[in-house]
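**Student:** Here is the input, now give the coordinates:
(2 chains)
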Amino acid sequence: MASGAASATVGCNRGLCTLLGRLCVQSVREYQPPFVFTGWPEDVDRCQWFTSPELISLRGLDIWDDLSPEQQRLVSFWEAVNFFSANIHGEAVLMQGIVSRMYGPDNADVTPYLHHMLDEENKHSVYFARFCLRYAGKVYPDRMLSLGTDPDDAAEFLFYARVMIFEDVVDGFNKTMAQDDRLVPVARWINANHHREERRHLAFGRHQVRDGFAQAEQIWSAATLGEVRTLLAAYLRALWVPLYNPQVYADAGLPDPYRLAGRAYRSPFALALRERLSRRSVGFLVRSGILTERPEL
Amino acid sequence: MTADADPSARDALRGFVLELNPDLDPERLLDDTPLITERLVTSRHVLDLLLLIESLRQAPLDPRSLVPSSFADINAIVGTLLVGGAR
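**Tutor:** As a prediction, the model looks like this:
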């Protein structure tokens, strides 16, 4: 074990043990203190690209094409604030879930890696929040809504499944923007850093989901299994809701922001983007037998 | 806004549900008809429902203050989300 690493404990199955050991070593090797990055300008000109234009929620609507280049870039600034805000709220749920699982009798094997994951998720939130607060003066409120409640015997599985889906979809954004040299350096760096560390979390998440489903499938009733599938399909839709935020359009000075959010969500371009960035996690869930069909997004 | 002072809020919610469910007899949609358990509103409609409620109250909702029963029926939406409810 690398010096200072929280090591995976003995006793876990070989595949999990090997994975956890590798992830712990990588986390130590790539460890970075969160407060030493020097690439934070005091202020930014908001009329630059902060979000890749191909990922902007209004893309494909006539109103987007009618905006001046400066207005489009201003929208890209507020969309970045919104994307980072959605990440802050998503990671808060994730961190609460991680903390509540540490040291539990069923989680002895994974607790050492959960320490690293918690540390890394907290650092991501430090970066997201610093951007939002320094350059926008605020974090947008959470907009994730749920219409259902989890069955007790599926709560553990659903936690890891939602984390995996959330991280996978977000990673699609991060990966694109990490490579986009039109973006201002600080926005590009935040995305690149997140992408680098999320790869480990995704590997862990996929293992937990696959393993958790294999065990739970033996126990769940057909009704519970059906409910789990409905809740996961609902989550695949719900996680996109915050990305069509009327407050973004209002802050960018666009008229009729509530109507605009609805139009953006329903546009063929937006649907194609949701399908493209959800494809990897949906494919995993279908291949694993967790979902039986691709949900309508 | 206060929805009780403005009945058009209930009408807007009824119109939203009926538009989603064109086969539903409008006479059968009451203010206490279960929307979620009857699957008249599903996860497919979350964003549109959120936007409708926010446009009616002219302010964002804070989902942290919501529970699934907040959307149980039209009475619940009006009572908890439109009349001095969740901020």
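**Student:** gap between the closest residue to residue A:120 other than its chain neighbours and residue A:227?
**Tutor:** Spatially, and ignoring its direct neighbours in sequence, residue A:120 is nearest to residue A:197 (4.8 Å; C-beta to C-beta, 6 or more residues apart in numbering or on different chains). All C-beta spots, glycine's among them, are computed from the backbone N, C-alpha and C. When distance is defined by C-beta to C-beta, to the nearest Å, residue A:197 is 33 Å away from residue A:227.
**Student:** Looking at these two now, which is surrounded by more residues?
**Tutor:** residue A:197 (22 against 18; other C-beta atoms under 10 Å in any protein chain shown).
**Student:** my read: the more buried one touches residue A:29, true?
**Tutor:** No - Residue A:197 lies out of contact with residue A:29 (C-beta atoms under 8 Å); the separation is 11.9 Å.
**Student:** Can you list the low-confidence ranges for chain B?
**Tutor:** B:1-6, B:84-87 (pLDDT under 70).
**Student:** So which bits of it are right by chain A?
**Tutor:** Contact residues (C-beta under 8 Å from any C-beta of the partner chain) of chain B with chain A: B:36, B:41-44, B:46-51, B:54-55, B:60-64, B:66, B:68, B:71.
**Student:** Could you pick out the residues of chain A near chain B for me?
**Tutor:** A:141-149, A:233-234, A:237-238, A:240-241, A:244, A:246-247, A:258-259, A:261-262, A:265, A:296.
**Student:** Which residue comes closest to the residue of chain A found nearest chain B once chain neighbours are left out?
**Tutor:** Chain A approaches chain B most closely through residue A:234 (3.3 Å), counting by C-beta to the nearest C-beta. Distances taken as C-beta to C-beta, 6+ apart put residue B:43 closest to residue A:234, at 3.3 Å, once the chain neighbours are dropped.
**Student:** repeat for residue A:251
**Tutor:** Counting by C-beta to C-beta, 6+ apart, the residue nearest residue A:251 is residue A:78, at 4.7 Å.
**Student:** and the one you found, how many neighbours does it have?
**Tutor:** Residue A:78 - counted by other C-beta under 10 Å - has 23 other residues nearby.
**Student:** That one looks like it's in a helix, true?
**Tutor:** Yes - Residue A:78: assigned to a helix according to DSSP: H, G, I helix; E, B strand; the rest coil.
**Student:** Next up, the contacts around it.
**Tutor:** Applying C-beta atoms under 8 Å, 6 or more residues apart in numbering or on different chains, we find residue A:78 in contact with A:136, A:248, A:249, A:251, A:252.
**Student:** Would you mind giving the residues you listed as JSON lines with neighbour count and pLDDT added?
**Tutor:** Putting the contacts of residue A:78 into JSON lines (neighbours: other C-beta atoms under 10 Å in any protein chain shown; pLDDT from 0 to 100) gives the following:
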{"residue": "A:136", "neighbour count": "19", "pLDDT": "98"}
{"residue": "A:248", "neighbour count": "28", "pLDDT": "97"}
{"residue": "A:249", "neighbour count": "25", "pLDDT": "97"}
{"residue": "A:251", "neighbour count": "21", "pLDDT": "97"}
{"residue": "A:252", "neighbour count": "20", "pLDDT": "98"}
